[in-house]
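J.: Sharing a sequence plus its predicted fold:
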Amino acid sequence: MQPNPPTPHTATVDNQGVHVTTAAGKSRTYSGGEVMTLTQVIDLAEGAATLCQSSTDTCMELVDESTQLAADCDVLIAEITEKGVGANLIGKCEHLKEQLSLQAAAAKKLHDQIQGGEEACRTASANAEVRHGGIFRAVADSPLTKPAERDFYNAR
């Protein structure tokens, strides 16, 4: 079941704060600090998504490196077998190869999980931007916030 898409709120600004009306007709007044917190939440969600993306890239690098090292183990085992020395060394190389394969599988699984987290963070950020964008525009467009929005936020 798909959730309902976010609906934007309408907002006006006066000396009391930001007055918000939802699509359902409910009203609430936000202080400058609350509006600033909303912007911080959106920024944090976007930052978390960026961190997730770099983590998924790192996981894929680990998968590639583990796969390459496992292939190197195969070459090493073949060389040891060809020379007929180090039966114990072959066992150690096979164990290392197995561990590298497990590491690659774990990194791939982690990559997939983090990718889901990234998508959730980006969706949350985008939905909050749609839903609360009217609040930010009302603050930016209000004559009470001229010359700068910062004064509005700091005065509350």
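T.: Everything's here; your move. Residues are numbered from 1 along each chain as shown.

J.: What's the separation between the residue lying farthest from the centre of the chain and Cys59?
T.: Distance from the C-alpha centroid of the chain peaks at Gly84, with 51.4 Å (C-alpha atoms, centre = their mean). According to C-beta to C-beta, to the nearest Å, Gly84 stands 39 Å off from Cys59. Where you see a C-beta, it was placed from the backbone N, CA and C, and this is true even at glycine.

J.: same deal with Gly17?
T.: 44 Å.

J.: Just the pLDDT for the residue most central in space within the chain.
T.: By C-alpha atoms, centre = their mean, the chain has its centre lying nearest to Ala49, at 1.9 Å. pLDDT, Ala49: 92.

J.: Number of residues surrounding the closest residue to it other than its chain neighbours?
T.: Counting by C-beta to C-beta, 6 or more residues apart in numbering, Ala49 lies nearest to Cys121, which is 3.8 Å off, once chain neighbours are set aside. Using other C-beta atoms under 10 Å, Cys121 has 20 neighbouring residues.

J.: May I ask you to confirm that Cys121 is in contact with Cys52?
T.: Yes: the criterion here is C-beta atoms under 8 Å, and Cys121 meets it with Cys52 at 6.3 Å.

J.: Please identify every residue contacting each of these two.
T.: Common contact partners of Cys121 and Cys52 (C-beta atoms under 8 Å, 6 or more residues apart in numbering): none.

J.: can you tell me which helix in this protein is longest?
T.: helix 87-141 (DSSP state H).

J.: Now it: average pLDDT?
T.: Rounded mean pLDDT across helix 87-141 is 88.

J.: how far is it from where the chain is centred?
T.: Relative to its parent chain, helix 87-141 has a centroid offset of 8 Å by C-alpha atoms, centre = their mean, to the nearest Å.

J.: for it, packing partners?
T.: strand 10-14, strand 17-21, helix 32-83, helix 149-155 (3 or more C-beta pairs under 8 Å, 6 or more residues apart in numbering; DSSP states H and E).

J.: No further queries at this time; thank you.
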